[in-house]
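J.: quick one: sequence plus predicted model below, questions after.
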Amino acid sequence: MAIKTDFLIIGSGIAGITFALRAAEFGDVVMVTKKEAMDSSTNKAQGGIASVFGNLDSFEHHINDTISSGDGLCSRDVVEMVIKDGPERIRELMELGVAFNIQKKETSQNGQPVFDLGREGGHSHNRIVHAHDMTGKAVEEVLVNRARKHDRITLFENHIAVDLITHSTRIKSGLVTTTHEDFCCGAYVLNRETRTIETFSADITLLASGGAGKVYLYTSNPDIATGDGIAMAYRVGATVANLEFVQFHPTCLYHPDAKNFLISEAVRGEGGILIDENGHPFMEKYDPRKDLACRDVVARAIDTELKKSGNDAAFLDISHKDSEFIKKRFPNIYQKCLSYGIDMTKEPIPVVPAAHYMCGGVATDMCGRTDIPRLYAVGETACTGLHGANRLASNSLLEALVYSHRAAKQAIDDFQKTDKQSLPGVPDWDEVGSTDSDELIMVAHNWDEIRRLMWNYVGIVRSDKRLERAQRRIEIINKEIKDYYWNFKVSPDLIELRNIAVVAELIIKCAMHRKESRGLHYNIQYPGHDTHWEKDTLLRRPFIS
Ligand code: SIN
């Protein structure tokens, strides 16, 4: 099957749908998403959206907190733009029907609702707009509903993108012949039900496929977070940046049956304290801001405590707060913990750090454009310059909102200027390996090995020796996957394995390149900052022709 559209969007989180709703005012939009539309990282986001609404807060405070967390690598222009655009984008979400927590029923002097603003690590003021502890879900439900009802948006669920198509791509035969004159004209997409690869051609293509937490053994991310956008963009020659900066969330629930469950930083924002197994608070040893220090500091502190004590988990205690308040403020976390036999109103919650957010990604300009013409990237897939070396909590939904709005504006402009007559025909997928795999064990084994390798050697604390070991292994695994990929029919598991392997290799390359410690990247050989490295790490696949 071949589909032609004006705008092709890969991913169905806040970034993709916000873009879709705007682009659909000017053209036909096709969204492909690899599972159900609600299976996105947005849907899992608990904390909220950071933005300046508090009486004592100001843009300058939010800008300074973001830049301080980013540890020397934020782009000031980007930070200012995102933070200043934030309030308007959040009001638009409310107009669409998102119900954020409001502090008072009455409105402020200028007729605006008074938000109940939460606090998270690294923020000097309360500024997290939230919907209890399920902000992402509240936003995603409204957006998915709007997209489903829109007559110019067609949503293809259970469709997983395999590769981007550029003007002269012959991907399956192994020749990616991207040149400077090339531009993106869509993607090959696997229909999971029919198991066929379909050609989606488009004037504009947007990558909004989320992050890459599944590269690591332990992660707060949903299963879809396999770095697909980053891997696909890199394969066609787009520049990727800063992939060494993987954010580990300090507090994921530690329980043998719990998978990927986050205990929001908002719990510490409301007074939760990290303690060891003897009930002693430990954060004061590491940072004057204690439990509300930036995430990199808190995650490393827990890692150090666990390595010193040999314990499996630290504990987060908020049981000193009123139990009715806890249940009302954190209904989702309370119920989830209770389902594992932990009553957070009476006892501490066992927690461990886990991979949470990719600060690097496909490099874009201030309008979400990548360096491949007509290819855009927004949300966690992108690296815009906002997060620098360490993302400030709850700045990511904000970035996704602001950038998808700006990218849509720019893309509509590009679309209207496109000379439709000169668009090339897009070749159908070349079914080279046409037999089904008889070695699924290889996929399962490599998947597991990559995730363990990344956790053990490219985790919170790194060293040259560990990184070198990781690099040797990943090169072998990537070669194996390549051979396998050309010989057998493409399956969803194989597509994801191929993508996590590429992203793992890129993370390792970036981490080996940076000979210092900064933000989320900590190498014991180079424990301090070095001004020579106060710059982005950029990687681009060499051109073949
Ligand atoms: C959290 O609720 O702790 C996560 C928020 C974020 O990652 O920004």
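T.: Looks like it came in fine.

J.: which parts of this protein sit against the ligand?
T.: Residues of the chain lying near the ligand by Cβ under 6 Å from any ligand atom: 46-47, 264-266, 357, 393-394, 396. For the C-beta atoms, the positions are set from N, CA and C on the backbone; glycine is no exception.

J.: select only the buried ones of those in PyMOL?
T.: The following PyMOL line selects those of the residues of the chain next to the ligand that are buried, judged by 16 or more other Cβ atoms under 10 Å:
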select buried, resi 46+47+264+265+266+357+393+394+396
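
J.: between all of the residues of the chain next to the ligand, which two are separated the most?
T.: A266 and Y357 (15.6 Å; Cβ to Cβ).

J.: among the residues of the chain next to the ligand, which ones are in strands?
T.: Y357 (DSSP state E).

J.: among the residues of the chain next to the ligand, which are in helices?
T.: When those are checked against helices (DSSP state H), the matches are 266, 396.

J.: so who does the closest residue to the ligand within the stretch 401-545 of the chain touch?
T.: Nearest residue of the stretch 401-545 of the chain to the ligand: L520, at 12.8 Å (Cβ to the nearest ligand atom). Residues in contact with L520, defined by Cβ atoms under 8 Å, 6 or more residues apart in numbering, are 244-248, 295-296, 359, 389-390.

J.: what about the residues you listed, which one has the most neighbours?
T.: F245 (31 neighbours; other Cβ atoms under 10 Å).

J.: list the contacts of it.
T.: 358-360, 387-390, 519-521.

J.: Serialize those residues to a markdown table and add fields for distance to R152.
T.: Formatted as a markdown table, the contacts of F245 follow (distance: Cβ to Cβ, whole Å):
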| residue | distance to R152 |
| --- | --- |
| M358 | 31 |
| C359 | 34 |
| G360 | 33 |
| H387 | 33 |
| G388 | 37 |
| A389 | 40 |
| N390 | 39 |
| G519 | 41 |
| L520 | 40 |
| H521 | 43 |
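
J.: quick one, what contacts the nearest residue to G72 once chain neighbours are set aside?
T.: Leaving aside its sequence neighbours, G72 sits nearest to E534 (Cβ to Cβ, 6 or more residues apart in numbering; 5.0 Å). Contacts for E534 (Cβ under 8 Å, 6+ apart) come out as 72-73, 518.

J.: following element in sequence after the longest helix along the chain, please.
T.: Looking across the chain with DSSP H, the single longest helix is helix 464-487. Downstream of helix 464-487, the first helix or strand assigned by DSSP states H and E is helix 492-513.

J.: next helix or strand past that following helix?
T.: Under the assignment DSSP H and E, the closest C-terminal helix or strand after helix 492-513 is strand 538-539.

J.: which elements pack onto that next one?
T.: strand 240-241, helix 492-513 (3 or more Cβ pairs under 8 Å, 6 or more residues apart in numbering; DSSP states H and E).

J.: which of these is buried the deepest?
T.: With neighbours defined as mean count of other Cβ atoms under 10 Å, these peak in mean count at strand 240-241, which reaches a mean of 26.

J.: ok, and what's touching that strand?
T.: Against strand 240-241 from outside (Cβ under 8 Å, 6+ apart): 230, 233-234, 360-363, 383, 506, 536-540.

J.: which intervals of the stretch 1-150 of the chain have sub-threshold pLDDT?
T.: Across the stretch 1-150 of the chain, the ranges flagged by pLDDT under 70 are 104-109.

J.: picking that back up, now the helices and strands packed on strand 538-539 in JSON lines, with mean pLDDT and distance to L143?
T.: As requested, the helices and strands packed on strand 538-539 are exported to JSON lines (pLDDT from 0 to 100; distance: least, Cβ to Cβ, whole Å):
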{"stretch": "strand 240-241", "mean pLDDT": "98", "distance to L143": "27"}
{"stretch": "helix 492-513", "mean pLDDT": "97", "distance to L143": "24"}
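
J.: out of the ones you listed, flag the one nearest K137.
T.: helix 492-513 (23.8 Å).

J.: tell me how far the closest one lies from the chain's centre.
T.: 15 Å (Cα atoms, centre = their mean, to the nearest Å).

J.: also stretch 388-396?
T.: Distance, centroid of stretch 388-396 to centroid of chain: 11 Å (Cα atoms, centre = their mean).

J.: and it, what's its mean pLDDT?
T.: The average pLDDT for stretch 388-396 rounds to 97.

J.: brilliant, that's me finished.
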